[in-house]
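Novice: got a structure for you, letters missing:
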């Protein structure tokens, strides 16, 4: 089996791995890089459990080949440790089983970076790209709004 050496910029670290040209970015992040926050779910881009950020845009890691990520800045949930949005999810109990939570946190983080004053319609629209089967989305929306309030009061994400 032929493998190619690539270097990925993941969470502001240069990580070198050997991959097949057909390897999904999701699989490379999880194994061999050991970043298991992005979860496998539907593997066709519908559920959002594998959501990451690539060059400031949300991306389903199951829809991207690892070789396509070379030269791009990748952020996973592990790269958002200690952020306002992560804290707001805890404060607002915006999770239940937790399987979908990393994807939602990445999605909400990107939303808040792009639209810090997003209204209810924009927030609901962004949340449609991820699925939670355990609970409603009310607590997640409340977490986004809590971060918006913190940003208005001078906190930094």
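Specialist: Cool, the structure landed. Treat the numbers as computed from the prediction; the structure is a model and nothing was measured. Numbering: from 1, shown residues only.
Novice: Could you use CA atoms for every contact and neighbour count after this?
Specialist: Noted.
Novice: Would you map the helices across this protein?
Specialist: Assigned by DSSP state H, the helices in the chain fall at 25-30, 84-91, 101-114, 120-127, 138-152.
Novice: and the ones you listed as TSV, adding mean pLDDT and mean neighbour count?
Specialist: Formatted as TSV, the helices of the chain follow (pLDDT from 0 to 100; neighbours: other C-alpha atoms under 10 Å):
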stretch	mean pLDDT	mean neighbour count
helix 25-30	98	20
helix 84-91	96	19
helix 101-114	97	23
helix 120-127	97	14
helix 138-152	96	19
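Novice: can you put those in TSV and add distance to residue 12?
Specialist: What follows is the helices of the chain, written out as TSV (distance: least, C-alpha to C-alpha, whole Å):
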stretch	distance to residue 12
helix 25-30	14
helix 84-91	19
helix 101-114	16
helix 120-127	25
helix 138-152	23
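Novice: who wins for proximity to residue 53 among those?
Specialist: Taking C-alpha to C-alpha, helix 101-114 is the member of the helices of the chain nearest to residue 53, at 6.8 Å.
Novice: Can you check what angle separates the closest one from helix 84-91?
Specialist: 130 degrees (axes from the mean of the first three to the mean of the last three C-alpha atoms, to 10 degrees).
Novice: Give me the helices and strands touching helix 101-114, please.
Specialist: Helix 101-114 is packed against strand 51-54, strand 57-60, helix 84-91, helix 120-127, helix 138-152, with contacts defined by 3 or more C-alpha pairs under 8 Å, 6 or more residues apart in numbering; DSSP states H and E.
Novice: out of these, nearest to residue 20?
Specialist: Counting by C-alpha to C-alpha, residue 20 lies closest to strand 57-60 out of these; the figure is 19.1 Å.
Novice: care to break this structure down by domain?
Specialist: Residue ranges for each domain of the chain read 4-78, 82-152, as given by automatic domain parsing.
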